[in-house]
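**Q** only the shape, not the letters, is given here:
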């Protein structure tokens, strides 16, 4: 592997670049980004080696697409049009069904691997790229059988070198499950932030009282709207379903408090404490 | 200060004990707890120096009550009955209105300082006690004018020695504001955990997909139901109000997604990103 192209040199793409530089020191990392300032910053930070354009993609051994999922719908077929037969392309988007559908009949479908590395922070841009972001993280691969075997192998070797574990799943199941463990958490945090900020408009001192618990719960509300809006758009049905269940659970809890059924309130929390055992399995 | 009594030798009381041992090496820490196993564990861990009973309280220079807020309503008047005129008593409860009301007319009201150190973790018990838990944390003091000056001074010196900053507030305002920045976060996390666990019953692999974002948002769902149930009970009106606002914000966000008004979805998240500036002020 000599030439890797990163399309989107932010947190996700930039962290791939840093991981590749460490594991494949002779590889040249080319960066493509619609944001020229980000591209310059990535070059200055040493995240990429050279700025490039789509026309140069034919020399790529690997192309990593790490841009908002709506942009991926446009960019991926365009990339597949331009690459050589021996290029592997993977994306890192948080939705998989629409993206797989978009290239289903593309003549270069077998050059594409649908991936979703479950990794990130609430920050964005090249400056947010970090070493070891992917270590011990899960990477969901969808429709693996649609990708040419030797190209799969090249991408999977990278994931293994970066310390990721792989899970195979179909795009529909991916989008449904990820709505619960990722998309809903983000909305929960955003709306918590909104509720408290609205209150704070009239109550200046409120944040003096916030501790690390609030900070942890609201952390994801720092996330990028440009990344998350198209995710909610593409995963609309699943996200709406999870939100309905979440809202119903909140309403039920509120009713229990209003009706002073505090043994049921206790029980609700006690049974949810089971999350301890689940979280032990994460990381 | 020679004798400090800690009633409730868990995370909060135990961490006070560790802080006092460090700053006042000659002080003897006596522990009282309705849970005999916790008391033995605290002694074994060196969190307390000796196990004691309520009858010994008359020799205390300081009494720290760190038990669930429903128990505090019973224990605090009892403690005030037993202490000497020169003992300062403070609690660490997450509600203040009911507690202040309970001892409003107690003959030893001036020996009591109503406090709420905004500090903690999702763990509990003596084993969860940590050094420096209170460093750089906020301590809310309510009705400070009701406490005898020289006794205030003794408690405030301890808070200062532990590195805390002090905010003064009336109990009603405390309970209202803390509902937003603490109690709501806990319910949000508990119900997020519940929603995902319910789904997981039929979808075994779902947690393989959970990343650090989910973990952060759901962290508080590990908290103790024995601590939190009485908090929601005592702060019922405020908690129900915050829950209504939170549920309405979630419903509105769901409606925007359902109606495909994604520019409004973007705007909701963008304006909530303001939380970044607020969180910078925390810690």
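**A** Thanks, I have it. Source: prediction; values computed, not measured.
**Q** wasn't residue A:64 part of a strand?
**A** Yes. With DSSP: H, G, I helix; E, B strand; the rest coil as the criterion, residue A:64 is located in a strand.
**Q** pick out the residue nearest the middle of chain A.
**A** Within chain A, one residue has its C-alpha closest to the average C-alpha position: by C-alpha atoms, centre = their mean, that is residue A:94, at 4.7 Å.
**Q** tell me the secondary structure of that residue, please.
**A** Under three-state DSSP, the three-state class of residue A:94 is coil.
**Q** in what element of secondary structure is the nearest residue to residue A:244 once chain neighbours are set aside found?
**A** Ranked by C-beta to C-beta, 6 or more residues apart in numbering or on different chains and with sequence neighbours excluded, the top spatial neighbour of residue A:244 is residue B:254, at 7.1 Å. C-beta coordinates here come from the backbone N, C-alpha and C atoms, glycine included. Taking DSSP states H and E as the definition, residue B:254 sits inside helix B:236-258.
**Q** quick check: what element follows that helix along the chain?
**A** Next element after helix B:236-258 (DSSP H and E): helix B:262-272.
**Q** how distant is that next one from the center of its chain?
**A** Here helix B:262-272 is found 33 Å from its chain centre; the criterion is C-alpha atoms, centre = their mean, to the nearest Å.
**Q** mind checking if that helix is in reach of chain A?
**A** Yes. Residues of helix B:262-272 contacting chain A under C-beta under 8 Å from any C-beta of the partner chain: B:262, B:265, B:266, B:267, B:268, B:269, B:270, B:271, B:272.
**Q** ok, residue A:55 - how many residues close by?
**A** 7 (other C-beta atoms under 10 Å in any protein chain shown).
**Q** typed the wrong thing, it's residue A:119
**A** By the criterion of other C-beta under 10 Å, residue A:119 has 24 neighbours.
**Q** hang on, the earlier thing: how close does the residue nearest to the centre of chain A sit to chain B?
**A** With the distance defined as C-beta to the nearest C-beta, to the nearest Å, residue A:94 ends up 10 Å from chain B.
**Q** close enough to count as contact, that residue and residue A:181?
**A** No. Look at residue A:94 against residue A:181 with C-beta atoms under 8 Å: they stay out of range, at 11.0 Å.
**Q** quick one, helices of chain A?
**A** Assigned by DSSP state H, the helices in chain A fall at A:11-23, A:36-44, A:69-82, A:97-102, A:149-161, A:171-178, A:184-200, A:212-218, A:225-234, A:236-258, A:262-272, A:275-281.
**Q** re the thing from before, can you get me a residue count around the residue nearest to residue A:244?
**A** When counting by other C-beta under 10 Å, one arrives at 20 neighbours for residue B:254.
**Q** in contact with it, which residues are there?
**A** Taking C-beta atoms under 8 Å, 6 or more residues apart in numbering or on different chains, we find residue B:254 in contact with A:240, A:243, A:244, A:247.
**Q** make a markdown table out of the helices of chain A and add distance to residue B:174.
**A** As requested, these are exported to a markdown table (distance: least, C-beta to C-beta, whole Å):
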| stretch | distance to residue B:174 |
| --- | --- |
| helix A:11-23 | 39 |
| helix A:36-44 | 45 |
| helix A:69-82 | 44 |
| helix A:97-102 | 48 |
| helix A:149-161 | 50 |
| helix A:171-178 | 39 |
| helix A:184-200 | 14 |
| helix A:212-218 | 15 |
| helix A:225-234 | 34 |
| helix A:236-258 | 19 |
| helix A:262-272 | 21 |
| helix A:275-281 | 29 |
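**Q** and residue A:278, what pLDDT?
**A** If you check residue A:278, the pLDDT there is 79.
**Q** surely it touches residue B:207?
**A** Yes. With the criterion set as C-beta under 8 Å, residue A:278 and residue B:207 qualify as a contacting pair; they are 5.1 Å apart.
**Q** still on that earlier bit, the residues of helix B:262-272 next to chain A, buried ones only, as a ChimeraX selection?
**A** Of those, the buried ones go into a single ChimeraX selection, burial set by 16 or more other C-beta atoms under 10 Å in any protein chain shown:
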select /B:262,265,266,268,269,272
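**Q** what is the nearest of the residues of helix B:262-272 next to chain A to residue A:38?
**A** Nearest to residue A:38 out of those is residue B:270 (C-beta to C-beta; 18.4 Å).
**Q** hang on, isn't the closest one packed against residue A:224?
**A** No. Residue B:270 is beyond contact range of residue A:224, at 9.2 Å (criterion: C-beta under 8 Å).
**Q** residue A:98 and residue A:70 touch, don't they?
**A** No. Here residue A:98 lies out of contact with residue A:70, judged by C-beta under 8 Å, at a distance of 9.1 Å.
**Q** now the common contact residues for these two.
**A** Common neighbours of residue A:98 and residue A:70, counting by C-beta under 8 Å, 6+ apart, are residue A:234.
**Q** give me the phi and psi for residue A:223.
**A** With angles defined as degrees, to the nearest 10, residue A:223 sits at phi -70, psi 160.
**Q** list the residues that contact the closest residue to it other than its chain neighbours.
**A** If the residues on either side of it in the chain are set aside, residue A:223 comes closest to residue A:122, at 5.0 Å by C-beta to C-beta, 6+ apart. Residue A:122 makes contact with A:219, A:220, A:221, A:222, A:223, B:213 under the criterion C-beta under 8 Å, 6+ apart.
**Q** flag every buried residue along the helix or strand of chain A with the lowest mean pLDDT.
**A** When the helices and strands of chain A are scored by mean pLDDT, DSSP states H and E, helix A:275-281 comes last with a mean of 78. Within helix A:275-281, the residues scored as buried using 16+ other C-beta under 10 Å are A:275, A:278, A:279.
**Q** domains of chain A?
**A** Using automatic domain parsing, the domain parsing of chain A gives A:3-170, A:174-281.
**Q** so where's the stretch 151-283 of chain A uncertain?
**A** Low-confidence segments of the stretch 151-283 of chain A, defined by pLDDT under 70, are located at A:202-204, A:281-283.
**Q** can you do 80?
**A** Judged by pLDDT under 80, the stretch 151-283 of chain A has its weakly predicted residues at A:200-208, A:278-283.
**Q** once you drop chain neighbours, what's closest to residue A:30?
**A** residue A:52 (3.8 Å).
**Q** could you list every residue that touches that neighbour?
**A** Each residue near residue A:52 by C-beta under 8 Å, 6+ apart is listed here: A:5, A:30, A:31, A:32.
**Q** number of nearby residues for residue A:206?
**A** If you count neighbours by other C-beta under 10 Å, residue A:206 ends up with 20.
**Q** typed the wrong thing, it's residue A:170
**A** The criterion is other C-beta under 10 Å. On that basis, residue A:170 has 15 neighbouring residues.
**Q** what sits against it?
**A** A:142, A:143.
**Q** and the gap between it and residue A:237?
**A** 16 Å (C-beta to C-beta, to the nearest Å).
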